[in-house]
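A.B. asks: turn this into a model:
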Amino acid sequence: MKFAEHLSAHITPEWRKQYINYEEMKAMLYAAVEQAPSAELVDPEVLSRYFAKFDEQFFHYCDKELAKINTFYSEKMAEATRKYGNLRSELSETLEMGTVKKQPAWKSKTPLGKKNVPARKIQDLKLAFSEFYLGLILLQNYQNLNFTGFRKILKKHDKLLNVSDGVKWREEYVEAAHFYVNKDIDRLIQETERAFTNDIEGGDRQKAMKRLRVPPLATYVTSKDNPWFYCWIVAAIVSSCYAYTWDIKMDWGLFDAKAGDNRFLREEIVYTSTWFYYFGIVEDLVLRFGWTVSMSLIEAGYMEGDVMMTILSPLEVFRRFIWNYFRLENEHLNNCGKFRAVRDISVAPMDCSDQTTILRMMDEEDGVVNRRGKTKGMSKKKEQQRLLLLQGESVEDLCS
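C.D. replies: Residues are numbered from 1 along each chain as shown. Take a look at the predicted model:
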């Protein structure tokens, strides 16, 4: 990838005008080469004066770009230093709040978790440190991209003009520039990592770095200061209600007006006890709205987001497992009603006695009948009908 594309892909959009104008400087170089007098038509002295004049303009432009970058970097570093001081003060005040109290073993064991500190305060501090840290990383990236930009463009200058003035200018000005020699950004990054790891995450560096580099989305969504928070809540409730209604009415076919004795269910059911269905209705409702419990516990600081995800994921698998049984049953009954299937093949669970009965019936001459229906002496009835037919034929023979 060319550096111009790399620079465009990695800049911070809000700072776009504060980066090195690499494309403009590159265009200046190519234009100078294209517009240069031909060495065959003019004296070498004329050509030297042309490129000397160009270098004067080019390095003057470089000076302006360097001054712009130095000024912006200094402003951002001063702002970052003030922010870090405020964060440290707020963290110190928070650590001094309340008295140490006993906590359950499963609860966070960080210094903040051991104190009687509001959970909202802890979440706000974590978010503030994470946002500040990401800002430092962006500023460090700004520092590196601009230095690379100067190095690349000055190297291109020397290559196109067959001189070494670009390297000399870089060594004299760029490598001595404040934005390059100043290492306060590295120190701030290290101090932020250390403070977050030791004072907020209880010394767990892996967990601390994960939170600093990737702030949890739920932290932004559940912030009550966010004007979109309540819109998100309303949308989530509507979505859950719609999904639950679809599960019960459309997928399971329950709450049928013609349910008869099977109250709140449907006219025909396959499973032996209606309590199976009532359990499914309640279970699906609870797990469809499980996100409310998750959000409440995380917001209150009783559980981490990763822990809640570990708990809710198996529960969602269980919900879909139950959903499949009632969905399959409803589909089977609908197929039977529309003559797309027969009820001799039942979807009800089988036990050992059912299997024994089926094997015994398969050995009989009459074959297998619906296992949910009771046999009504089919063999005896057929035998009686056969005897009556034989007797009728014998009487007719005698009469003839």
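A.B. asks: the longest helix in the chain is where?
C.D. replies: Counting residues, the longest helix found in the chain (DSSP state H) is helix 44-96.
A.B. asks: check which helices and strands it is in contact with.
C.D. replies: Helix 44-96 sits against helix 22-35, helix 111-114, helix 119-161, helix 165-169, helix 178-181, helix 184-195, with contacts defined as 3 or more C-beta pairs under 8 Å, 6 or more residues apart in numbering; DSSP states H and E. (Glycine included, C-beta is placed from N, CA and C.)
A.B. asks: among those helices, which is nearest residue 308?
C.D. replies: helix 119-161 (14.0 Å; C-beta to C-beta).
A.B. asks: domain map for this protein?
C.D. replies: If you go by automatic domain parsing, the domain ranges for the chain are 3-215, 229-337, 352-393.
A.B. asks: any chance of those in JSON lines, with mean neighbour count and mean pLDDT too?
C.D. replies: Converted to JSON lines, the domains of the chain look like this (neighbours: other C-beta atoms under 10 Å; pLDDT from 0 to 100):
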{"stretch": "domain 3-215", "mean neighbour count": "15", "mean pLDDT": "87"}
{"stretch": "domain 229-337", "mean neighbour count": "15", "mean pLDDT": "86"}
{"stretch": "domain 352-393", "mean neighbour count": "11", "mean pLDDT": "56"}
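A.B. asks: for residue 167, see how far away the closest residue to residue 166 other than its chain neighbours is.
C.D. replies: Nearest non-adjacent residue to residue 166, counting by C-beta to C-beta, 6 or more residues apart in numbering: residue 154, 3.4 Å away. Counting by C-beta to C-beta, to the nearest Å, the gap from residue 154 to residue 167 is 7 Å.
A.B. asks: can you check residue 34 too?
C.D. replies: Residue 34 is 23 Å from residue 167, by C-beta to C-beta.
A.B. asks: repeat that for residue 198.
C.D. replies: The value you get for residue 198 to residue 167, if C-beta to C-beta is used, is 44 Å.
A.B. asks: residue 76 too?
C.D. replies: Look at residue 76 and residue 167: by C-beta to C-beta, they are 28 Å apart.
A.B. asks: repeat that for residue 61.
C.D. replies: 17 Å.
A.B. asks: try residue 144
C.D. replies: Using C-beta to C-beta, residue 144 is found at 19 Å from residue 167.
A.B. asks: what of residue 256?
C.D. replies: Counting by C-beta to C-beta, the gap from residue 256 to residue 167 is 84 Å.
A.B. asks: residues touching the residue nearest to residue 166, list them.
C.D. replies: Applying C-beta atoms under 8 Å, 6 or more residues apart in numbering to residue 154 gives the contacts 62, 166-167, 169-170, 174.
A.B. asks: among the residues you listed, which two are most distant?
C.D. replies: Longest span within the contacts of residue 154, C-beta to C-beta: 62 and 167, 12.9 Å.
A.B. asks: can you tell me the closest non-neighbouring residue to residue 179?
C.D. replies: residue 73 (3.9 Å).
A.B. asks: residue 236: which of the helices and strands packed on helix 44-96 is closest?
C.D. replies: helix 119-161 (19.3 Å).
A.B. asks: next, the angle from the closest one to helix 184-195.
C.D. replies: 150 degrees (axes from the mean of the first three to the mean of the last three C-alpha atoms, to 10 degrees).
A.B. asks: residues contacting residue 283?
C.D. replies: Per C-beta under 8 Å, 6+ apart, neighbours of residue 283: 319, 322.
A.B. asks: tell me which element it is part of?
C.D. replies: Residue 283 belongs to helix 274-288 when assigned by DSSP states H and E.
A.B. asks: what is the helix or strand just after that helix packed up against?
C.D. replies: The first helix or strand that comes after helix 274-288 along the chain, using DSSP H and E, is helix 290-300. With contacts defined as 3+ C-beta pairs under 8 Å, 6+ apart, the packing partners of helix 290-300 are helix 119-161, helix 305-337.
A.B. asks: quick one: the first one to helix 22-35, angle?
C.D. replies: With the same axes, to 10 degrees applied, the angle from helix 119-161 to helix 22-35 works out at 10 degrees.
A.B. asks: pull the distance from helix 119-161 to the chain's centre.
C.D. replies: 25 Å (C-alpha atoms, centre = their mean, to the nearest Å).
A.B. asks: what's the answer for the shortest one, then?
C.D. replies: Once both centres are worked out by C-alpha atoms, centre = their mean, helix 305-337 turns out to sit 22 Å from its chain's centre.
A.B. asks: how about stretch 179-195?
C.D. replies: 30 Å.
A.B. asks: hmm, who's touching that stretch?
C.D. replies: 69-70, 73-74, 77, 80-81, 84, 87-88, 91, 129, 132-133, 136-137, 139-140, 143, 146-147, 174-175, 205, 208-209, 212.
A.B. asks: now with 7 Å, please.
C.D. replies: 69-70, 73, 77, 80, 84, 88, 91, 129, 132-133, 136, 139-140, 143, 146-147, 174, 208-209, 212 (C-beta atoms under 7 Å, 6 or more residues apart in numbering).
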